[in-house]
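Participant: Here's my sequence, what's the structure:
(one chain, ligands or ions: 1)
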Amino acid sequence: MCDLRALDVVECIDDTPVLKQSAVMPKAGHLYRVQSVRRVGDGFSVRLFELSPKCHLGGPCNCGNCGWDSGRFRLAHRREEDKLSILRAFLSKMETRTGVVPEVVD
Ligand SMILES: [Zn+2]
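Facilitator: Numbers count the residues shown, from 1 in each chain. Below is the predicted model:
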């Protein structure tokens with residue numbers, strides 16, 4: 001399981017490109033904010049707010065499927081209050097799926 005989540009601040013610990021098309025890379029030692037984490041094959045693909053990857057289809061990524069391996073990052077900072085907003089976002093998705101309004105008790 002990947003321990004990174006959306007809105008986490010992460011530090012890049014590996015900026016060596018693996019593929020030729022990996023022209024846009026995060027820089028080692030720099031901090032980034034996670035936009036999304038997605039399961040891809042055996043690993044996890046991370047998207048960042050600050051950087052758009054080059055697309056496997058060519059050009060800057062608009063397909064939304066490209067990202068960097070989660071192993072390139074380590075968690076630097078997580079805001080505790082973000083957990084609640086993530087929970088709220090999750091619950092609002094449940095609401096649209098089930099039609100049932102879940103309750104959040106603060
Ligand atoms: Zn793409």
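Participant: Could you tell me which strand of this structure is the longest one?
Facilitator: Counting residues, the longest strand found in the chain (DSSP state E) is strand 31-40.
Participant: what's downstream of that one, the next helix or strand?
Facilitator: Going down the chain from strand 31-40, the next helix or strand is strand 43-48, by DSSP states H and E.
Participant: Let me see the contact set for the residue nearest the centre of the chain.
Facilitator: Nearest to the geometric centre of the chain sits Ser36, at 2.6 Å (CA atoms, centre = their mean). For Ser36, the contacting residues are Ala6, Val46, Arg47, Gly67, by CB atoms under 8 Å, 6 or more residues apart in numbering. For the C-beta atoms, the positions are set from N, CA and C on the backbone; glycine is no exception.
Participant: The second one and Ser36, how far apart?
Facilitator: Okay, so that is Val46. 8 Å (CB to CB, to the nearest Å).
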